[in-house]
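[1] How does the following fold in three dimensions:
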Amino acid sequence: MPPVSPAKGMPGSTAVDATTTSGRSARAVLGAYIALMKPRVIELLLVTTIPAMLLAQRGIPSLWLVLATLLGGTMAAGSANALNCVWDADIDAVMKRTKARPLAKHTVPVRNALIFGLALGVASFAFLWLTTNLLSAVLAVATIMFYVLIYTMVLKRRTAQNIVWGGAAGCMPVVIGWSAVTGTVGWQPLVMFGVIFCWTPPHFWALAMKFKDDYAAVNVPMLPVVATRVEVSRQIVAYSWAMVGLSLLLLPATSWIYGVFAVVFGAWFLVFAHRLHNEVRRGQEGNPMKLFHLSNTYLMLVFVALAADAVVGLPTFGWPF
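    Reported below is the predicted structural model:
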């Protein structure tokens, strides 16, 4: 007669239940620490870093170098995001959009999150220095410090321009990717930096228009909290034009492949930005979340076009003078 497995509640079942519970607990803890790194935010790293490296190489760099840069950059971004969660734990617990974060739900002790964030930052510096170069490692640490010390601790709760200047941290992956390949910082990554810098306000202010009450409840002066919807949409349009204009400054370093798609995607984005502004001016609610989601698609498509252009390797436009 085959042995009978112990049923729940019978002798022998306790060890099985404990093992199962322990496995689930370990997965939950691991998931909480990963959530502290804000992996959805880190997607921007992947979308922008690889094209920057391809353009720097004007081809395909070493696969090892690409992977090392992405891993080191992920650790740096994860460090900045985890430390941001530590500082913002009080307001995250109140806002509907963020109340499921680990520190807001108390699934990770604040002390542990602080140690985790600091350890990731140190590890990112050491790893990038060993696998890429010192410049890339220094840029990564400077980005962490700017995001945490300047944006999170100073700007975010004090000025309506918080996301404008704080967004500079999200622009750094292109500079780090370029420096990992070349060991220097040229004009091209600075233009890419500018594109992302001007992309950030339309992207985030569209989201903040949707969650205006959340930010107001915790006294964070995001622009939609302190300005009229018309003013917010007007500034979204202004930054959108600046973003598209800057994207065209990359033409001398690219070919017609990037040029065509940059113009098409830019015009597409501007149509939606103006549409939102016109709707708001007419007193309509508008749909800022449509522009928010579109902004993600726009950035991805422009940088994919940049990557394709670099890999194909057609003659570049070059400077007209």
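
[2] so what's the backbone phi/psi at Leu291?
    The phi/psi pair for Leu291 (degrees, to the nearest 10) reads phi -70, psi -40.

[3] what about it, distance to Leu246?
    Distance of Leu291 to Leu246, given as Cβ to Cβ, to the nearest Å: 18 Å. Bear in mind the C-beta positions are built from the backbone N, C-alpha and C, glycine included.

[4] and if you look at Thr107?
    41 Å.

[5] Neighbour count: the two, which is higher?
    Leu246 (20 against 17; other Cβ atoms under 10 Å).

[6] From what I see, Gln235 and Ala206 are in contact.
    No. Here Gln235 does not reach Ala206: they are 11.1 Å apart, not a contact under Cβ atoms under 8 Å.

[7] between those two, who's got more neighbours?
    Between Gln235 and Ala206, counted using other Cβ under 10 Å, the more crowded position is Ala206 (26 against 18).

[8] so who does that one touch?
    236, 276, 288-289, 291-292, 295 (Cβ atoms under 8 Å, 6 or more residues apart in numbering).

[9] That one: what secondary structure?
    Using DSSP: H, G, I helix; E, B strand; the rest coil, the structure places Ala206 in helix.

[10] Start at 596, not 1
    I'll keep to 596 as the first residue from here, and by that count the last item is Ala801.

[11] State the distance from it to Met817.
    11 Å.

[12] Could you list the low-pLDDT ranges of the chain?
    The chain contains residues with pLDDT under 70 at 596-619, 915-916.

[13] repeat that with 50
    Scanning the chain for pLDDT under 50 picks out 596-608, 611, 616.

[14] check contacts around Ala822.
    755, 830.

[15] gap between it and Met804?
    Ala822 is 10 Å from Met804, by Cβ to Cβ.

[16] One more: Val899?
    Counting by Cβ to Cβ, the gap from Val899 to Met804 is 27 Å.

[17] Same question for Trp914.
    For Trp914 relative to Met804 (Cβ to Cβ), the value is 40 Å.

[18] higher neighbour count, the two?
    Taking other Cβ under 10 Å, Trp914 and Met804 do not tie; Met804 has more neighbours (25 against 8).

[19] Which of the contacts of Ala801 sits closest to Leu909?
    The shortest approach to Leu909 among the contacts of Ala801 belongs to Ser890, at 28.3 Å (Cβ to Cβ).

[20] OK, contacts around the closest one?
    794, 797-798, 801, 864 are the contacts of Ser890 under Cβ under 8 Å, 6+ apart.
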